[in-house]
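In: predicted model, plus sequence, below.
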Amino acid sequence: MAVLEILKAPDPRLRQPASEVTTFDDELRAFVDDLEETRLHGPGAVGIAAPQVDRLQRVVIVDCSHTRKPVPNHGHLVLINPEITEWEGHEIGREGCLSVPDYTGNVFRASRIRLTAQDLEGRHQEFDMEGYEARAVQHEIDHLDGLLFLDRVVSRRTDLFQRKTYRKAGEPAG
């Protein structure tokens with residue numbers, strides 16, 4: 001497994017829509033292993049999408065089981081060709097992104113969704129999601145459509161925040 005390079009905004013490749021996966025083979029499984037290794041290498045990343053590593057395929061990984069808001073969720077999910085088929089309600093929440101490492105922002109998302117996707121074998125699945133998990137999945141699906149959370153920030157003037165950077169103990173300021 002390898003840690004892949006994550007594209008950072010404003011890289012134009014992040015704005016390209018991803019193509020549907022049609023071949024479910026060992027090469028896809030190896031890519032998903034690398035994508036997961038990359039997600040785990042990121043600072044606290046609950047999700048990652050293939051376009052973030054310059055692969056324009058509709059593949060995302062989401063795992064909300066180790067977050068501060070773990071319930072309810074479906075655990076570790078590899079979602080191939082995900083599509084939101086229903087949504088309900090709206091909530092505002094703070095989001096960050098591996099491809100936008102210096103900022104977080106307040107974004108409106110549906111509070112509940114129904115999702116269809118395929119697994120690594122191409123089998124169809126359906127999920128009902130709510131809360132934090134629904135938000136994370138919507139964020140990752142946006143990547144498949146060439147969107148960043150910056151495109152959905154409520155107001156760039158009042159709802160976009162620069163991340164704080166922390167020094168390690170003994171590290172000089174500056």
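Out: That came through fine.
In: Asp63 pairs with what?
Out: Beta-bridge pairing for Asp63 (DSSP bridges): His76.
In: what's the burial count for it?
Out: 22 (other Cβ atoms under 10 Å). In short, each C-beta sits where N, CA and C put it, glycine included.
In: residues touching it, list them.
Out: Contact analysis of Asp63 by Cβ atoms under 8 Å, 6 or more residues apart in numbering lists 39, 46-47, 75-77.
In: including distance to Val154, pLDDT and neighbour count, could these go into CSV?
Out: As requested, the contacts of Asp63 are arranged in CSV below (distance: Cβ to Cβ, whole Å; pLDDT from 0 to 100; neighbours: other Cβ atoms under 10 Å):
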residue, distance to Val154, pLDDT, neighbour count
Arg39, 27, 97, 23
Val46, 21, 95, 23
Gly47, 21, 97, 25
Gly75, 30, 93, 11
His76, 30, 96, 12
Leu77, 27, 98, 24
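In: the chain: strands as residue ranges?
Out: Secondary structure of the chain by DSSP state E: the strands cover 47-49, 59-63, 76-88, 91-97, 100-109, 112-118, 124-130, 160-162.
In: would CSV of those with distance to Lys8 be doable?
Out: Shown next, in CSV, are the strands of the chain (distance: least, Cβ to Cβ, whole Å):
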stretch, distance to Lys8
strand 47-49, 14
strand 59-63, 18
strand 76-88, 23
strand 91-97, 9
strand 100-109, 7
strand 112-118, 27
strand 124-130, 28
strand 160-162, 15
